[in-house]
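[1] Give me coordinates for this.
(chains A, B, C and D, ligands or ions: 6)
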There are 4 protein chains.
Amino acid sequence: MSADSPHAADSTDSLTGDRTGVWLVGARGNVATMAIVGARAIAAGHTDTTGMVTEREPVSALELPPVEEFVFGGHDIDPTSLVEQAERQCERNGVPDEATLAGVRDDLTAVDERIEVGTAINCGAAVTDESQQLEESLSMRTVLDQIRDDYESFRTAHDLDRLIVVNVASTEPELPTADQYDTRDALEEALDTDDRDLPASVLYAYAAIDAGHPFVNFTPSTGNALGGVQELAADRGVPHVGRDAKTGETLVKSALAPMFAGRNLNVLSWEGHNILGNKDGLVLEDEQNAAGKLASKGDVLESILPEVGHNRVRIDYTPSLADWKTAWDYIHFEGFLNTEMTMQFTWEGSDSALAAPLVLDLVRLIAHADEYGDGGLQPHLASFFKAPLGVDEHDFSKQLHWLYDYAATHSDTEV
Amino acid sequence: MSADSPHAADSTDSLTGDRTGVWLVGARGNVATMAIVGARAIAAGHTDTTGMVTEREPVSALELPPVEEFVFGGHDIDPTSLVEQAERQCERNGVPDEATLAGVRDDLTAVDERIEVGTAINCGAAVTDESQQLEESLSMRTVLDQIRDDYESFRTAHDLDRLIVVNVASTEPELPTADQYDTRDALEEALDTDDRDLPASVLYAYAAIDAGHPFVNFTPSTGNALGGVQELAADRGVPHVGRDAKTGETLVKSALAPMFAGRNLNVLSWEGHNILGNKDGLVLEDEQNAAGKLASKGDVLESILPEVGHNRVRIDYTPSLADWKTAWDYIHFEGFLNTEMTMQFTWEGSDSALAAPLVLDLVRLIAHADEYGDGGLQPHLASFFKAPLGVDEHDFSKQLHWLYDYAATHSDTEV
Amino acid sequence: MSADSPHAADSTDSLTGDRTGVWLVGARGNVATMAIVGARAIAAGHTDTTGMVTEREPVSALELPPVEEFVFGGHDIDPTSLVEQAERQCERNGVPDEATLAGVRDDLTAVDERIEVGTAINCGAAVTDESQQLEESLSMRTVLDQIRDDYESFRTAHDLDRLIVVNVASTEPELPTADQYDTRDALEEALDTDDRDLPASVLYAYAAIDAGHPFVNFTPSTGNALGGVQELAADRGVPHVGRDAKTGETLVKSALAPMFAGRNLNVLSWEGHNILGNKDGLVLEDEQNAAGKLASKGDVLESILPEVGHNRVRIDYTPSLADWKTAWDYIHFEGFLNTEMTMQFTWEGSDSALAAPLVLDLVRLIAHADEYGDGGLQPHLASFFKAPLGVDEHDFSKQLHWLYDYAATHSDTEV
Amino acid sequence: MSADSPHAADSTDSLTGDRTGVWLVGARGNVATMAIVGARAIAAGHTDTTGMVTEREPVSALELPPVEEFVFGGHDIDPTSLVEQAERQCERNGVPDEATLAGVRDDLTAVDERIEVGTAINCGAAVTDESQQLEESLSMRTVLDQIRDDYESFRTAHDLDRLIVVNVASTEPELPTADQYDTRDALEEALDTDDRDLPASVLYAYAAIDAGHPFVNFTPSTGNALGGVQELAADRGVPHVGRDAKTGETLVKSALAPMFAGRNLNVLSWEGHNILGNKDGLVLEDEQNAAGKLASKGDVLESILPEVGHNRVRIDYTPSLADWKTAWDYIHFEGFLNTEMTMQFTWEGSDSALAAPLVLDLVRLIAHADEYGDGGLQPHLASFFKAPLGVDEHDFSKQLHWLYDYAATHSDTEV
Ligand SMILES: NC(=O)c1ccc[n+]([C@@H]2O[C@H](COP(=O)([O-])OP(=O)(O)OC[C@H]3O[C@@H](n4cnc5c(N)ncnc54)[C@H](O)[C@@H]3O)[C@@H](O)[C@H]2O)c1
Ligand SMILES: NC(=O)c1ccc[n+]([C@@H]2O[C@H](COP(=O)([O-])OP(=O)(O)OC[C@H]3O[C@@H](n4cnc5c(N)ncnc54)[C@H](O)[C@@H]3O)[C@@H](O)[C@H]2O)c1
Ligand SMILES: NC(=O)c1ccc[n+]([C@@H]2O[C@H](COP(=O)([O-])OP(=O)(O)OC[C@H]3O[C@@H](n4cnc5c(N)ncnc54)[C@H](O)[C@@H]3O)[C@@H](O)[C@H]2O)c1
Ligand SMILES: NC(=O)c1ccc[n+]([C@@H]2O[C@H](COP(=O)([O-])OP(=O)(O)OC[C@H]3O[C@@H](n4cnc5c(N)ncnc54)[C@H](O)[C@@H]3O)[C@@H](O)[C@H]2O)c1
Ligand code: NA
Ligand code: NA
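    Ligands and ions are numbered 1, 2, ... in the order given. Got it, this is the predicted structure:
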């Protein structure tokens, strides 16, 4: 791990030989399940790597830990087994298909045994309903210790060279008092005095980074976005990245909006309506849990088109769609001679199938940063996120070229 | 003009004081009419510059000739006056609106008197039907001389410092034997022997470049794309650019396709269906005239997504839509775990209102190149075209950044 | 008018000679303005009757009062003149166009002088904000008398043979205690005891029907839907009809949903998202005012597809769209062998241009019913409404055939 | 069968006990395969009857032969077995799913043995490419005898009470000289003189009807639409019906177009673009084979909206879509005050899953007609077809009510 073992320049091929552990917070959710199914199906030769950014030029030129070798574990608060989760997805969404599921069923059973009960403190009723979680009454420090122990036991049990922690748990309500924990001192003081406001995502992030494990926040939850956690990561030199992966409507927005800007077209209104039917959708029905998501989705547009007249995003729960997130966007814009015109698009994607390969990409890329001692924020990974930490640029193409530049620089060194 | 008067480095503000002539080949067409109406409406303060790339940061930092000062003239083969053309557009499309039209009516009448009869040789029956044009029987050299004289008379009559020739005439049929004119020698030999295969666009381009006038090919026609013409421009150091301006569906494609590539998503089919009802649409109903257009539209996708499974573009004539080009694109793609997903969009734009500001932008930018002695091809203007001469890159965002880099470099020098 | 002067069977052509008054409650709103503009533009020969059901076979076979002869008056609470309203619509929506507006400007000025200040009791803050209305403190009976006097003065001043009252005012909040006024006795008792809960629409309806004026409720407001008002109309033999005209998304639903039913396809979800930017949209932003609208829109589907799995309608305010109501509907359905399929549509209509001709149609048709002594409910007019009073059938085609049957029966008699 | 055994009025429940044979011409095609899979899956309790019109009120009130008891056989020219066809559909389209397919695999094997080699005379190269068919050189009468024998052997082998012949073979090119066979005499004379122009569909239809077997033409091919065949059916009193089942875009059109007509809206353009990737799509790539399809699709609109300004239908082959037929329709219409508006829809349906239940419905309903001695044309079945024989009405709702009236009349008698 980065904190104790910064690698020397000559260890270039060690990454491909390393044992990489992937700890998924929310390990039995849709995204996690699909990431595990996909990694194991690739390992078994049942599917290819379509959808993985790290498997395409120029990023594929980097030396990265192979997905086939990932060792999975994680936390969850839902006792339903990984196999049952995958079966439900197969049946409801058609992804994974039956043959693929059959080929990885034993692997899922094995991973399921490595999933521990997590904390769901301040995750909101929509999340904790019917869950099985660490006692709410435990002190913050006690919970932190428990999480850290879970990470450490996993690491030693599987003899891992490196452990990456990825938050793919349900979206928490926003933390309104986030700026009270702007420094590491303030945050640690809060932990010491058993402040009851901190949400689970912060505890998972703190425990990981404090122990030197690189951390990925795939969700809109607070986690490593908190000032105090960021300072800790900088101090410890641990790479971390987030937040809220960009997989569907927002991805399209971040590719399309620069076109309107680039042609000096005046966007009068950009209306976005998302409907989906999975558990993520159910949780986002709760206004509190939705707040963060809507914020990160809305900001992308405001950043690229600062003069946009009207910008609304809706997310609605439509059960029959299951994991098929469907978005309709209507763009009303004005051009030359005050001519009003429109563009509209409909996006129909399997949300988890879009997200899962990015989880694997991020694990590989943050492992690479860790290996090369690049601690702290990772701006070259901004293209993966709706609200990239430490980055103001939301133009997808520009973000992507930062990644390509990183790949070019590092793959040159490696050869 | 560039050939005789390369400007010195200290003349940086001369451009804004220069008298710039804009010679539109196809001066009574939709695009030309809208460009003239727009420029005059801006001059009169009736409208703003929305839609003009050169009026937005960072390109607006360049010193460019003001649109308000442009002097318009041109060739056409349709005797219907510019005022009538504008009235028809107002009535059929609602663009320009009645108030704007009223404000520029006198200007249009004045410009109309500066429109000369052009040649329509090898433009196809769809174009020449009911037209009034130079005698088909005249020799190529005689026609060339006539065109050159038209340019020159206009230049002297209006005491112009610089004359930019822009081809916005109807799309010609493709020239199947284009590679027979790959060199300047071969082309001039053909002119000398009165080769009857050369199309009008080549004559307009040759005459312009030979006399040192920068040339913009806004259409899919051959014009300055011919090898022999390119060689002439290089020899003469005259800037020229083209071809086929990127204004609607193809523009969207060039912004969206890189997103699919960047996420390693496998596009199985990209189906594009355009319907429009203006004269451009009528001409493109003719299979021969459509060939070039379909080629440049199709190539964009093949270039960005070399492994696209199926790529079809249709352009159909739907009279009631007039100038409102409507495109429906359906994208069928495969992601992780072989999951098939779809995206579709509908674009509804006033074709001429999208095109006209780009005509003005290109005049300004090629005048800038001319002023700075940058002859030959203009790769930094690639973002304006479906088939940019001398450029293989079709990713809109990348192309745009070349323009931004050019603007940054030159505006620094200027300050 | 019907109450005092039931016409004899031989008066069949009297209708075309009659002077018909049209009293619009909400006379300066979008729908009213467009109806008045349209009627006068037809009278002046500036436009045709496209969009009017009564001008197409078989309904056109009926003898109906000519639109050209309508005398307009009305109530409103907005002091902005009719001419200004029409100008704003011309400018923001392009409907009416400038030429049409110029041709009716004087007529609008004349009508504007016949618009009286109305009551806005219990119309909600979204409506009464910035309005000019009858004193809130006046007793219900006093307000009723005032309204009745306004109707009567207009009738005598213009020597009208018949006066039709049409409610096209803003949507009121729902009346939660509607069933307390289920009988005429209960309603009149409430008026006598100055019950402060009754909303304006009930007062307008009561005053009209009590005085024998046929009444049309174009809105979702309570009005003549109240049990006590219905009983009064039956007692008085006055024709009345409503509620909530069916002009856009719901119209399409009522045409499309029967297709899914007829083919035994199982609709899993029908998601409807409406965006609009006119004042109606602004008022419907208020949850209370929206409640009734959403109910009548939702019911159509439940009635045609009783087993629909999920049925949601959203109405959102998007200012730039002005009167252009845009709806996106996404239909997820299951067919043979449990195959899941989808249909989606986008509807882009000028809301008032769709509504206005129906106002004119309804005036003509209810005048016809009045002439023939057909008092009470008018089931043959169900096709015009989202929540047709006294009718359970929502299939547009079936409703339309009731109108055609009525036309066939009555036009036979007339010949 | 009808010709020899008209049933008496008291035999009302005989139909449910009868052994009904279903002879599918094109028995290994997508539609046929899906119909067989569906019927057997219903019999095995693997799926329900969603999508079958005869299983929903009021048609379900009729006494009809149960789908579970159907005995399937047929002709084809493709030697690939029914099991392989079903497997390919499962894999390419996901319909049927793997579990359903597993449950009917043995049934498919059994049916496959009852499929005979058919004739493909005049079916066009797109169809006969790689096929295995009756010798082209055989005389028409010889082929007819062979077909008749195939029907008869099947009937006796399975001890059937009634045999229904359904044409679900590939679309043939249009028969340009169709009116030369307008009478039975002319047709029989052509057969006797071995006229080489008659296409396969006519032979299948003639053989069926001549032997008293009810005939359903699910395709746009000529078959029983030929005057001579219609006369034969009338003489023999054999029920027959067609042509071209209405399952997707055209179905939607026939539900939506009446709405525009009913509101007196003026449709300026109706543009329809279909893309699909199954074998039907491949055959329709051939202009000749497509002609009939396009005609029947186009006629629906012309009939409902006689004044439609522009009406185009395109069908394009997009391989990756397999059986998922996707249609985009764009409707440009004019309303009150010359306001131009638009509606567009996208339909995404599994073509065979939409068609298959209708095959089963039609077999049941024509068996019913046969049982009750209703020979000749069947106007009450018009709702099933794009070009219903003998019917001019294309409004889906009206057509459907004819079926409902038939059901009401007959189910009353039956009770
Ligand atoms: N395309 C995408 O799917 C996508 C894109 C961007 C972001 N995200 C985010 O990723 C997250 C996961 O999405 P999903 O679709 O897998 O959701 P999900 O509801 O299927 O899975 C979330 C899992 O987290 C578990 N969980 C909840 N709170 C927990 C806690 N405190 N500790 C441990 N486990 C906990 C839940 O039990 C569940 O198993 C969400 O926050 C979502 O917003 C998803
Ligand atoms: N958005 C756009 O409108 C757009 C985008 C890219 C390219 N283009 C291209 O720009 C060109 C103009 O488009 P438009 O919509 O204005 O078409 P248009 O048909 O309205 O105008 C073309 C004009 O050119 C004239 N013309 C034809 N042949 C000529 C000749 N040989 N010499 C002189 N004049 C001639 C015609 O008489 C007509 O007035 C077309 O080639 C079109 O493909 C347009
Ligand atoms: N297509 C359509 O436009 C359509 C369709 C169905 C129903 N409707 C209904 O028709 C009504 C009018 O729609 P609009 O677009 O014209 O709205 P609008 O807001 O433009 O007009 C409403 C008018 O009513 C006036 N008003 C409000 N309360 C009043 C009162 N108590 N007494 C007198 N005047 C009053 C307002 O001042 C305004 O001038 C709404 O209820 C709307 O829901 C419209
Ligand atoms: N929704 C729908 O699928 C739909 C709707 C309306 C009409 N149709 C029509 O139904 C027909 C079948 O459609 P499909 O999708 O099953 O097509 P398909 O190509 O999958 O099947 C057609 C079958 O007919 C066989 N065939 C061709 N010519 C034959 C001949 N002369 N004799 C015997 N067999 C022959 C072929 O070998 C093939 O197995 C087509 O005409 C199509 O236009 C289909
Ligand atoms: Na693949
Ligand atoms: Na009209």
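
[2] Domains in chain A, by residue range?
    Domain assignment of chain A by automatic domain parsing yields the ranges A:14-245+A:353-414, A:249-350.

[3] most distant residue from the middle of chain A?
    A:L337 (43.6 Å; C-alpha atoms, centre = their mean).

[4] phi, psi of A:I164?
    Here is the backbone geometry of A:I164 (degrees, to the nearest 10): phi -110, psi 130.

[5] next one: A:A200
    Torsion angles, degrees, to the nearest 10, at A:A200: phi -50, psi -40.

[6] who's in contact with the spatially most central residue of chain A?
    Chain A has A:F218 as the residue nearest its centroid, 1.3 Å off, counting by C-alpha atoms, centre = their mean. Taking C-beta atoms under 8 Å, 6 or more residues apart in numbering or on different chains, we find A:F218 in contact with A:V31, A:V166, A:N167, A:V168, A:G242, A:R243, A:D244, A:A245, A:A355, A:L358, A:V359, A:L362. Quick note: C-beta positions are derived from backbone N, CA and C, even for glycine.

[7] residues near the first one, how many?
    Okay, so that is A:V31. Neighbourhood size, A:V31 [other C-beta atoms under 10 Å in any protein chain shown]: 28.

[8] Is it in a helix, a strand, or coil?
    Following DSSP: H, G, I helix; E, B strand; the rest coil, we place A:V31 in the helix state.

[9] and it, how far is that from D:T47?
    According to C-beta to C-beta, to the nearest Å, A:V31 stands 32 Å off from D:T47.

[10] how close does A:D361 sit to B:A125?
    Going from A:D361 to B:A125 by C-beta to C-beta gives 55 Å.

[11] and what of A:L403?
    Counting by C-beta to C-beta, the gap from A:L403 to B:A125 is 52 Å.

[12] Near A:G376, how many other residues are there?
    The local packing of A:G376 (other C-beta under 10 Å) involves 19 other residues.

[13] Report how many residues lie close to the residue nearest to it when sequence neighbours are not counted.
    In this structure, A:G376 finds its nearest non-sequential neighbour in A:A234, 4.8 Å apart by C-beta to C-beta, 6 or more residues apart in numbering or on different chains. By the criterion of other C-beta under 10 Å, A:A234 has 15 neighbours.

[14] A:Q378 too?
    There are 28 residues near A:Q378, going by other C-beta under 10 Å.

[15] do A:A186 as well
    17.

[16] Show me what residue of chain A gets nearest to ligand 5.
    A:T50 (4.3 Å; C-beta to the ion).

[17] A:L403 and B:A125 - which one has more neighbours?
    Higher neighbour count among A:L403 and B:A125: A:L403, with 23 against 10, using other C-beta under 10 Å.

[18] Hmm, A:H380 and the more buried one touching each other?
    Yes: contact status for A:L403 versus A:H380: in contact at 5.3 Å, counting by C-beta atoms under 8 Å.

[19] For A:G281, see how far away the closest residue in space to A:V308 that isn't next to it in sequence is.
    Nearest residue to A:V308, sequence neighbours excluded (C-beta to C-beta, 6+ apart): A:V267, at 4.8 Å. According to C-beta to C-beta, A:V267 stands 27 Å off from A:G281.

[20] All set, thanks.
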